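[1] Have a look at this prediction, sequence included:
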Amino acid sequence: MLVQMLREITQIPGISGYESKTRAKLIEWIEPYTNYKIDPIGNLIVELGEGEEKAIFMAHMDEIGLLITRITSDGKLKFRKVGGIDDRLLLGRHVKVITEKGTLDGVIGVTPVHLNIERKFDTIPWHALEIDIGAESKEEAEKMGVRVLDFAVFKKHFSVLNNKYIAARSLDDRFGVVALVEAIKDLVDHDLDGKYIFAFTVQEEIGLKGARFLANTYSPKYAIAVDSFACCSFLTGDVKPGNGAVIRAVDNSAIYTPSLARKTLEIAQKNNISIQIGVTGGGTDASVFEAKSQTLALSVPLRYLHSEAEMLHISDLKALIKLIEALVFELE
């Protein structure tokens, strides 16, 4: 079930600001179980329970990608990066260009080694690259449906490795939205001690914009992001795939509330949930709540973050879902 959900949700294109297709799939999953609302910026929100705002759990819907900025006279597409993309990942890649009329295949080409007379193999900066969709003129590209402000994503692949791992583009943070959907389904019929907000946020990759909007709306006791944990490096300690969910205690955006991290660790251990604790880079939606809430980020270890080959261990995702549910019942 989880594998199929991941397969479906990772195949949907949706860079920051263009999350509508992802949101539609989530609504399809949630609608049979509970009510939802969409706020003015595009966050999808489910509220369970009543009374005091106890906790908000957030996972972002958007992914990194490319925004089309110009069509050249010979039909190529210029672009800018949306989110943190390593320029090395762009060369020779297949992409999908998403237009109002549909989806087009494209490639980002590279000079063949046979013709590289100067034998320069340095990474070409993104602004020097183009997407080739097979058009031979600007007019032909436009007839194919391309317009400025359309977008492109790396072509979607999905692999199950050794019956343990999932590898796909946009696991960041589509695994997080799957975790929240599963938690909602399990919690919806329970009497909860207070109000719990589950938010599927927009525009996280370009500055936590959806979460900032939520911070103007909600003031919960706890604010918890469910997002990726970039591993595995000397920078991230002993955290590794297959050893459980992760308490992301520190990253570039926040030193999350230490007492909440310790309490979460105790709850996980009490419920026999496989758990790890560590530090990493990047930032999460929870950090924008620091002025009003106790904050934390929960994760699974993700190899090769922000690449086409993002990779997680399925058992870690199962542990994460159990941990979210345990926190709802046991946080005071």
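    Everything's here; your move. Numbering: from 1, shown residues only.
[2] tell me the secondary structure for the closest residue to residue 255 other than its chain neighbours?
    In space, and not counting its chain neighbours, residue 255 is closest to residue 249: 7.7 Å by Cβ to Cβ, 6 or more residues apart in numbering. Every residue, glycine included, has its C-beta placed from N, CA and C. Counting by DSSP: H, G, I helix; E, B strand; the rest coil, the backbone at residue 249 sits in strand.
[3] Residue 249 and residue 243, how far apart?
    16 Å (Cβ to Cβ, to the nearest Å).
[4] One more: residue 194?
    As judged by Cβ to Cβ, residue 194 and residue 243 stand 32 Å apart.
[5] isn't the residue nearest to residue 255 right up against residue 260?
    No - in this structure, residue 249 is not within contact of residue 260 by Cβ atoms under 8 Å, at 9.5 Å.
[6] Could you pull out the residues contacting both of those two?
    residue 296 (Cβ atoms under 8 Å, 6 or more residues apart in numbering).
[7] With neighbour numbers in mind, choose between residue 249 and residue 243.
    Remark: of residue 249 and residue 243, residue 249 carries more neighbours, 21 against 16, as counted by other Cβ atoms under 10 Å.
[8] which residues of the stretch 1-150 of the chain fall in helices?
    Counting by DSSP state H, counting those that start in this stretch, one finds helices in the stretch 1-150 of the chain at the ranges 2-10, 20-30, 138-143.
[9] could you say which helix or strand contains the residue most central in space within the chain?
    In the chain, the centroid-proximal residue (Cα atoms, centre = their mean) is residue 173; its distance is 2.0 Å. Assigned by DSSP states H and E, residue 173 belongs to helix 171-187.
[10] Can you point out the buried residues in that helix?
    Within helix 171-187, the residues scored as buried using 16 or more other Cβ atoms under 10 Å are 171-184, 187.
[11] Relative to residue 129, which of these is nearest.
    Nearest to residue 129 among the buried residues of helix 171-187: residue 172, at 22.6 Å, using Cβ to Cβ.
[12] List the residues that contact the residue lying closest to the closest one once chain neighbours are set aside.
    Nearest-residue entry for residue 172: residue 228, 4.2 Å, with adjacent residues in sequence omitted and distances by Cβ to Cβ, 6+ apart. Taking Cβ under 8 Å, 6+ apart as the criterion, residue 228 is in contact with 171, 172, 173, 175, 176, 282, 299, 300, 302, 305, 310.
[13] Distance check, residue 228 against residue 241.
    Per Cβ to Cβ, residue 228 is found 12 Å from residue 241.
[14] Spit out the residues that contact the two alike.
    300, 302.
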